[in-house]
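here is a sequence with its predicted model. Questions after.
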Amino acid sequence: MEYLGLLLEFAFFGFGVYLYLFATGRIKVEQASAQKAAAFREKNGWWLRLGGLAVMAIMAINIYLHLLELMG
């Protein structure tokens, strides 16, 4: 059960990375929705970047603490 929690923390960390990369425009989208994605990033890019960084930071701390708990 402990490993399931660790797996979920890695999944949320990955979501934070994806959110940050999408907000900075490094993830390419299909041609049909590229204009919508660009407009969405232009309007909400600041909050998406902050949200992605916050999720990554919180999950990195949780992963570190979880690994310490499992090792010790």
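Here it is on my side, so go on.

using the three-state scheme, assign K28.
coil (DSSP: H, G, I helix; E, B strand; the rest coil).

what's the burial count for it?
A total of 9 residues lie near K28 under the criterion other Cβ atoms under 10 Å. Backbone N, C-alpha and C define where each C-beta goes, glycine included.

same check on V55?
19.

just give the nearest non-adjacent residue to it, would you?
Distances taken as Cβ to Cβ, 6 or more residues apart in numbering put G16 closest to V55, at 3.3 Å, once the chain neighbours are dropped.

next one: Y20
With Cβ to Cβ, 6+ apart, the residue lying closest to Y20 is G52, at 3.1 Å.

that neighbour: what's it in contact with?
G16, V17, Y18, L19, Y20, L21, F22, A23 (Cβ atoms under 8 Å, 6 or more residues apart in numbering).

among those residues, name the buried ones.
G16, L19, Y20, F22, A23 (16 or more other Cβ atoms under 10 Å).

hmm, the fourth one is touching R41, no?
Right, the one you point to is F22. Yes. Using Cβ atoms under 8 Å, F22 is in contact with R41, at 7.3 Å.

what residues are shared contacts of the two?
L48.

please report how far G5 lies from L19.
Applying Cβ to Cβ, to the nearest Å, the value for G5 to L19 is 21 Å.
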